[in-house]
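**Q** for reference, the sequence and a predicted model appear below.
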Amino acid sequence: MNQPTKLLIIDDDAIDQRLIRESIKSSGFEVEIMVAFSGEEGIKKVNDLKPDVIIVLDTILPGMNGFEACKKIKEIDKNFRIIICTGVVDAVDAAKARAVGADDYCVKTADYLTLINAIKKLTLS
């Protein structure tokens, strides 16, 4: 598996950040996980830290929402792999995620299995 070495989670909920981190680690990924609590902070970290492959975004963030952050990150470098992962179950969001350049879209679940599978899919391609 071609694993990322740096992953950035952009989510304003510290509990969700922790659960995502734990799920990623327990699924066997050897990865440095960085976090940001807002779209603006996430964009700054993308510029400063250059995460390798995956950026996990929530759609509902303080200030700039996840869709806007995704679009701006893709403007920085269209090769960043972005998964929008949200607790909002709305079919319109999936289409909107693709429209702003997201590589995948998933709904947050208790086990984060959908997210783990999305990360695996993007890192194997």
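**A** Looks like it arrived, so ask away. Numbers count the residues shown, from 1 in each chain.

**Q** can you pull out the low-pLDDT segments for the protein?
**A** For the chain, the stretches with pLDDT under 70 are 1-4, 53, 89-92, 124-125.

**Q** where do the helices sit along it?
**A** Shown for the chain, the helices assigned by DSSP state H span residues 14-26, 39-49, 66-76, 91-99, 113-124.

**Q** nearest residue to residue 119 other than its sequence neighbours?
**A** Leaving aside its chain neighbours, residue 119 sits nearest to residue 54 (5.6 Å; criterion: CB to CB, 6 or more residues apart in numbering). Placement of C-beta: from N, CA and C, glycine included.

**Q** how far away is that neighbour from residue 63?
**A** Distance of residue 54 to residue 63, given as CB to CB, to the nearest Å: 22 Å.

**Q** who has more neighbours out of these two?
**A** residue 54 (26 against 12; other CB atoms under 10 Å).

**Q** tell me what the residue positioned nearest the centre of the chain is bridged to.
**A** Taking CA atoms, centre = their mean, the centroid of the chain lies closest to residue 56, which sits 0.7 Å from it. Residue 56 forms beta bridges with residue 9, residue 83, as assigned by DSSP bridges.

**Q** need the contact list for it.
**A** Contact partners of residue 56, counting by CB atoms under 8 Å, 6 or more residues apart in numbering, are 7-11, 20, 83, 85, 115.

**Q** related to what we said a few turns ago, the residue nearest to residue 119: what's it in contact with?
**A** Contacts of residue 54 were listed using CB under 8 Å, 6+ apart, and they are 4, 7-8, 81-83, 119, 122-123.

**Q** then residue 104?
**A** Residue 104 makes contacts with 82-84, 118, 121-122, as judged by CB under 8 Å, 6+ apart.

**Q** pull the most distant pair out of those residues.
**A** Longest distance between any two of those is 14.1 Å, between 84 and 121; criterion CB to CB.

**Q** out of these two, which sits in the busier spot?
**A** residue 84 (28 against 13).
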